[in-house]
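Chemist: Model the following, please.
(4 chains, ligands or ions: 4)
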Number of protein chains: 4
Amino acid sequence: MKKKYLQPLLDGEISSSYSMTEPQGGSDPTQFQCRAEEDGDQFVINGEKWFSSSARYASFLITMTVTDPDAAPHQRMTMFVIPTDTPGVNIVRNVGVGSEAPGEGTHAYIRYENARVSKSNMLGPRGQAFAVSQTRLGGGRIHHAMRTIGQIKMAFDMMCERALSRQTKGELLADKQMVQEKIADSWIEMEQFRLLVLRTAWRIDQYNDYLKVRKDIAAIKALMPKVYHDIISRCIQVHGSLGVSNELPLSGMLLGSYVMGIADGPTEVHKVTVARQVLRDYEGTDQLFPDYTLPNRKAEAIAEFGEQIEREIENW
Amino acid sequence: MKKKYLQPLLDGEISSSYSMTEPQGGSDPTQFQCRAEEDGDQFVINGEKWFSSSARYASFLITMTVTDPDAAPHQRMTMFVIPTDTPGVNIVRNVGVGSEAPGEGTHAYIRYENARVSKSNMLGPRGQAFAVSQTRLGGGRIHHAMRTIGQIKMAFDMMCERALSRQTKGELLADKQMVQEKIADSWIEMEQFRLLVLRTAWRIDQYNDYLKVRKDIAAIKALMPKVYHDIISRCIQVHGSLGVSNELPLSGMLLGSYVMGIADGPTEVHKVTVARQVLRDYEGTDQLFPDYTLPNRKAEAIAEFGEQIEREIENW
Amino acid sequence: MKKKYLQPLLDGEISSSYSMTEPQGGSDPTQFQCRAEEDGDQFVINGEKWFSSSARYASFLITMTVTDPDAAPHQRMTMFVIPTDTPGVNIVRNVGVGSEAPGEGTHAYIRYENARVSKSNMLGPRGQAFAVSQTRLGGGRIHHAMRTIGQIKMAFDMMCERALSRQTKGELLADKQMVQEKIADSWIEMEQFRLLVLRTAWRIDQYNDYLKVRKDIAAIKALMPKVYHDIISRCIQVHGSLGVSNELPLSGMLLGSYVMGIADGPTEVHKVTVARQVLRDYEGTDQLFPDYTLPNRKAEAIAEFGEQIEREIENW
Amino acid sequence: MKKKYLQPLLDGEISSSYSMTEPQGGSDPTQFQCRAEEDGDQFVINGEKWFSSSARYASFLITMTVTDPDAAPHQRMTMFVIPTDTPGVNIVRNVGVGSEAPGEGTHAYIRYENARVSKSNMLGPRGQAFAVSQTRLGGGRIHHAMRTIGQIKMAFDMMCERALSRQTKGELLADKQMVQEKIADSWIEMEQFRLLVLRTAWRIDQYNDYLKVRKDIAAIKALMPKVYHDIISRCIQVHGSLGVSNELPLSGMLLGSYVMGIADGPTEVHKVTVARQVLRDYEGTDQLFPDYTLPNRKAEAIAEFGEQIEREIENW
Ligand SMILES: Cc1cc2nc3c(=O)[nH]c(=O)nc-3n(C[C@H](O)[C@H](O)[C@H](O)COP(=O)(O)OP(=O)(O)OC[C@H]3O[C@@H](n4cnc5c(N)ncnc54)[C@H](O)[C@@H]3O)c2cc1C
Ligand SMILES: Cc1cc2nc3c(=O)[nH]c(=O)nc-3n(C[C@H](O)[C@H](O)[C@H](O)COP(=O)(O)OP(=O)(O)OC[C@H]3O[C@@H](n4cnc5c(N)ncnc54)[C@H](O)[C@@H]3O)c2cc1C
Ligand SMILES: Cc1cc2nc3c(=O)[nH]c(=O)nc-3n(C[C@H](O)[C@H](O)[C@H](O)COP(=O)(O)OP(=O)(O)OC[C@H]3O[C@@H](n4cnc5c(N)ncnc54)[C@H](O)[C@@H]3O)c2cc1C
Ligand SMILES: Cc1cc2nc3c(=O)[nH]c(=O)nc-3n(C[C@H](O)[C@H](O)[C@H](O)COP(=O)(O)OP(=O)(O)OC[C@H]3O[C@@H](n4cnc5c(N)ncnc54)[C@H](O)[C@@H]3O)c2cc1C
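Modeler: Ligands and ions are numbered 1, 2, ... in the order given. Next up is the predicted model:
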């Protein structure tokens, strides 16, 4: 399989498409229904996939299917490599983003109708599609964050140049406080995001253990759409009509910031992950009032130093 | 002129285009340079206009030109009705918004090169283009606000239906607090905006005096892009991939919210107007500490009631 | 009971305290544990109450107790009028807000230890404490909103006067865009909030039915802390050191805005209520793609107008 | 002077107070008016200072005075060490922050009335008070940022413990998405801020040149109040009534976050500094449309690669 699919992929001769999301919901993979049923040496695939990017250009699909519906939720699915010319792999329509013309998009709505694939096309062990996909998505997320930094920096540079080029009411835009605030806020957000991404990358290298960086990766994934969005929004605004025009790439980046908040799991899910991971390092208390309230702290202090304090007062 | 241009316009037989903004800056009309020089019975127009919407389809342009460069800033310009087929009215390119294909947009970058127009094509008195345009823009702004409410309401309805249709992790989206917060915040913002627009419309009718509603109009103009943007953003997010796709109108609305923050004057300018109008009802003080500080209030109280207080205390 | 407690209360001779919240949680009244057990003609109260405002000055407490632990959650509790000098009504400590000195606060932490009260001191029917408290809280919430508007307006006036009184770097604060933005945003938020509160009050009068205004009341309750907070924050900032000093009431108002987000139910709970109430007017769909997607709308249009369209095209 | 004032200060035997701000405005030091006039071996000080922290406990004041009113704005002032018991150093009143009782505060409003000080009490060269104060404030600002991180971390820990301790509507607060969002956002903001402060500290050490880190220091000074405020606000909210009570330090921290946005220069001024420093690395353009517009980029590409492109097309 490596020879047939991976090598030409690496050589840039063919391309692939990742086919996981289904029309009835992408955020919760335990709801996927696309079935792969064993039949002799083959599996027979039936079901629908939604937003399989570049499927129309791809030589093969990496498709997540339910092979073992009765197993535990995270053991039910298996990943397959499916050539796009397999009979029964049908593109319902090519969905686009933004204002792309109908049918001209690159995100395929695919219907698998009795598509047959050989057992040897299994990617990773049976029932382990979750683990396989997590590996891809972890790396993908920080990769997105890095590309986002590049986009932001380019837009930020434009904004600064523009602010220094444009006069209004007797001053450069650069001299208007409302513009200065946009520049200052953007620089601060960009630099902070950059540092958080760098630390995450460093931790990935250090730990080489996905579980130890889950919080960090979820955090940059959750933060990315906001930083991206806010900075691009300001760049558009400072460019006025030119900013929303098709002579600058900013409105495309804007839409990109929303995509970043949805694809590879929506922001909400990543925030929940951050919170859960953070909370692992804490413990609740059964006490009615936590230790750190003033009355409790005072009682503690008196218990520990009470005698000493009294002695001090006596000796005064 | 009314017969030639206005009547067919009202009859829907032809369309017009408003040609005011110039490439070197739209927010500050005192910087416009497009010249109209008197020459016998005519004016000769030279200069550039930017983002003249629908000029490519229009029968005539309403163009703002500098006729009296030495007059006071707000008396320098005159408005002309200029047929688009006038020799010397040249479209440099048709600029688009968002990701429209190059050259396919509807906002013309126009170069006027010795375009000649009869004196009788003057719209309003010479030197009064500011007043003329203000009349158009005041009405236009509340009209935009009303249309925006319609857009928001439609998107809000979609969001609610979707939240009740989609299951994830064992619950409807409608049961997730992060989704509930989006719905609650959106409803609150929409209702507040609606009421402010309604009051403004009511005041326009009541006062029938543009100066008395300047603050109100500037306020809804400044607020509109934010309410529009924030609600559409949440609608997109709740729809996930469908929200950014070309199968829903949401990404177009999103870009529309940015346009609303730029066209007819950027938000920054309208906020400054609101502040200035608000501050007209207040006066500064020369005192080092304002009247309303505690020490001053106390001194005042003692000056006024001091004796009485002392008597009360004595009699206690 | 009216004669003994209500009349002197109305005459301003005595004051009362509302004793509902318990130390283990106030947001969820179904968790209250303070027990009232029947014993002949009396009830014996045991349990703890937290943050009973003004209890130290009050002649009687209105206390919510569990009388019927096995009833349905909202039928379990009964309200009692309990004189504060009843044996067994013990104030553990007087909690304060902000930086009030320990023990000097006015929000009592009360322990009821075998406090006996006559059956005739029941306020409302047995098991109906929820209904009784809801009546009080609905009115209380809009009342808080109205008082908040007054506070905001006063602070806003201060900010405007200050901006016109203070010079820095050669200009009045009123001429700085960052200050202008604070004034414009505050005015817009204040006016919107005012209108929403007014409409809610009007609806209360119109409908005279709590259920029909639940959404509106929850909305202003959820919005109030934010508007209050944001405007006060800007007023503080524009006043600089004077703003945080004890010579202006602003820091007290600031804390007040947080109290508004907690007392009478936290903002989170009210947002959930708004969302739920809003969603009652919508229905989900079972379809995979909602009616309002472009492909579905197009299919609909073709179904309805297809023939007609074809005819038109033919006749062209 | 070092022996008399500095040594006992370092030994913790006495304390000092910094007396710079004046009642008519602190953000703009060029407006200071407190005069020091040469008279033989002495200087005679006349004027007012506002918010001199701890002056009531201090042995000496470090006072910024105008010695050379006709010099350039930043060369006008000189710093003096003035013993607090000098005749003519009069505390008008001790101003407090928040709700401190009148007169009980620690920020002195001082009137200097013919206070005489020896020439040898000059701190730094004559006319160089700006440079002297900048040295103190640069270090002070990052020091504040570091202390702020400590405060935030403590409050964040409380919030996490509380979320795991408190049940409402059948779940831990930790399981509510609105609480999870607070925890996730706070963690992300805290970590980002920490990294930015760390990098700034590292740069201070690296460059050992205040001018090279001005942007970084202004950035953390501008960011600090917001991060501090937002995280403390969430901690208060999650603690409910306990959060605003005097049994936790949170409301004090909240006020502290506002102080951080005012003392040592208001946030507005620091944002302007960040923008100005950022913009030093950019240049405006005289072109009507910047290089980075699509039409310009395309023209450039054609100029550079046009022939080659044509050749390629021919050879196709
Ligand atoms: C440009 C683009 C490219 C893509 N490419 C691919 C691809 O190549 N292959 C592929 O398989 N998929 C692809 N996807 C799909 C992507 O993986 C899904 O969009 C994503 O997983 C979300 O699923 P959904 O769109 O069905 O949204 P839904 O699952 O319907 O979620 C919609 C919204 O509900 C809310 N929500 C969801 N869960 C929760 C929760 N637990 N708590 C609170 N709120 C919640 C969020 O606001 C969310 O945005 C792509 C998507 C985009 C936009
Ligand atoms: C979709 C669309 C349709 C349009 N249609 C027409 C039309 O039909 N006819 C026509 O004449 N024009 C039209 N316009 C142009 C519109 O009037 C201008 O875009 C607008 O006046 C702003 O001018 P500008 O784009 O040159 O921005 P600029 O003047 O360059 O301003 C750019 C940015 O600078 C900042 N800024 C500007 N002034 C200030 C200030 N005082 N303080 C602080 N910040 C400031 C703001 O962030 C602003 O967005 C249209 C624009 C759009 C987007
Ligand atoms: C100044 C003041 C005066 C008061 N006076 C009185 C009085 O006179 N009598 C009286 O009985 N009580 C009084 N109270 C108490 C008040 O009613 C409670 O504070 C309130 O009901 C919240 O309860 P709690 O403080 O126990 O917070 P908790 O119930 O512990 O809630 C804490 C936080 O958890 C979060 N939270 C709670 N529920 C949810 C949820 N469903 N979803 C998501 N997040 C949630 C919120 O962030 C909330 O702020 C007063 C409170 C204050 C601050
Ligand atoms: C707790 C505390 C302790 C202090 N301790 C000391 C001390 O020990 N010694 C000492 O000398 N001083 C001290 N100060 C004073 C401090 O230095 C000043 O408060 C600060 O410099 C701001 O000056 P101001 O308060 O007069 O505000 P102002 O100068 O009146 O500014 C008020 C507001 O105007 C706005 N503003 C100001 N300038 C601009 C601008 N350029 N653009 C836009 N908006 C602007 C901002 O919103 C600002 O907050 C202390 C202050 C506090 C709060």
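Chemist: Which parts of chain A are helices?
Modeler: Assigned by DSSP state H, chain A shows helices spanning A:7-10, A:129-163, A:177-207, A:214-244, A:250-260, A:267-279, A:294-315.
Chemist: out of these, which comes closest to ligand 3?
Modeler: Ligand 3 lies closest to helix A:267-279 among those, at 12.6 Å (CB to the nearest ligand atom). The C-beta positions use only the backbone N, C-alpha and C, and glycine is treated the same way.
Chemist: could you say what helices and strands that closest one packs with?
Modeler: For helix A:267-279, the packing partners by 3 or more CB pairs under 8 Å, 6 or more residues apart in numbering or on different chains; DSSP states H and E come out as helix A:214-244, helix B:177-207, helix D:129-163, helix D:177-207.
Chemist: can we see that at 10 Å?
Modeler: The helices and strands touching helix A:267-279, judged by 3 or more CB pairs under 10 Å, 6 or more residues apart in numbering or on different chains; DSSP states H and E, are helix A:214-244, helix B:177-207, helix B:210-244, helix D:129-163, helix D:177-207.
Chemist: does the third one come close to chain D?
Modeler: Just to be clear, that refers to helix B:210-244. No: using CB under 10 Å from any CB of the partner chain, helix B:210-244 never reaches chain D; the gap is at least 13.3 Å.
Chemist: and if you look at the second one?
Modeler: Yes: against chain D, helix B:177-207 shows contacts by CB under 10 Å from any CB at B:177-181.
Chemist: What residues sit buried inside that helix?
Modeler: B:177-197, B:199-201, B:203-204 (16 or more other CB atoms under 10 Å in any protein chain shown).
Chemist: For ligand 4, what is the nearest residue in the stretch 51-200 of chain A?
Modeler: For the stretch 51-200 of chain A, CB to the nearest ligand atom, closest residue to ligand 4: A:Gln177, 6.2 Å.
Chemist: and chain A, what are its domains?
Modeler: What automatic domain parsing lists as the domains of chain A is A:2-127, A:130-279.
Chemist: May I see those domains organised as TSV, with distance to B:Pro102 and mean pLDDT added?
Modeler: Formatted as TSV, the domains of chain A follow (distance: least, CB to CB, whole Å; pLDDT from 0 to 100):
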stretch	distance to B:Pro102	mean pLDDT
domain A:2-127	15	95
domain A:130-279	6	95
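Chemist: which of these is buried the deepest?
Modeler: Compared across the domains of chain A, domain A:130-279 shows the largest average neighbour count, a mean of 20 (mean count of other CB atoms under 10 Å in any protein chain shown).
Chemist: is ligand 3 contacted by it?
Modeler: No: applying CB under 6 Å from any ligand atom, one finds domain A:130-279 separated from ligand 3 by no less than 12.6 Å.
Chemist: Endpoints of that domain, how far apart?
Modeler: 24 Å (CA to CA, to the nearest Å).
Chemist: Just checking that domain against ligand 1, any contact.
Modeler: Yes: counting by CB under 6 Å from any ligand atom, contacts between domain A:130-279 and ligand 1 involve A:259, A:262-263, A:265-266, A:268-269.
Chemist: Looking at these, which is nearest ligand 2?
Modeler: Among the residues of domain A:130-279 next to ligand 1, and counting by CB to the nearest ligand atom, the member closest to ligand 2 is A:Val259, at 23.0 Å.
Chemist: Next one: the closest one from chain B, what distance?
Modeler: 6 Å (CB to the nearest CB, to the nearest Å).
Chemist: contacting residues around the residue nearest to that residue when sequence neighbours are not counted?
Modeler: Nearest residue to A:Val259 in three dimensions, chain neighbours excluded: B:Val244, at 5.6 Å (CB to CB, 6 or more residues apart in numbering or on different chains). Contacts for B:Val244 (CB atoms under 10 Å, 6 or more residues apart in numbering or on different chains) come out as A:51, A:96-98, A:107, A:255-256, A:258-259, A:261-263, B:236-237, B:250-251, B:254.
Chemist: Thanks a lot, see you next time.
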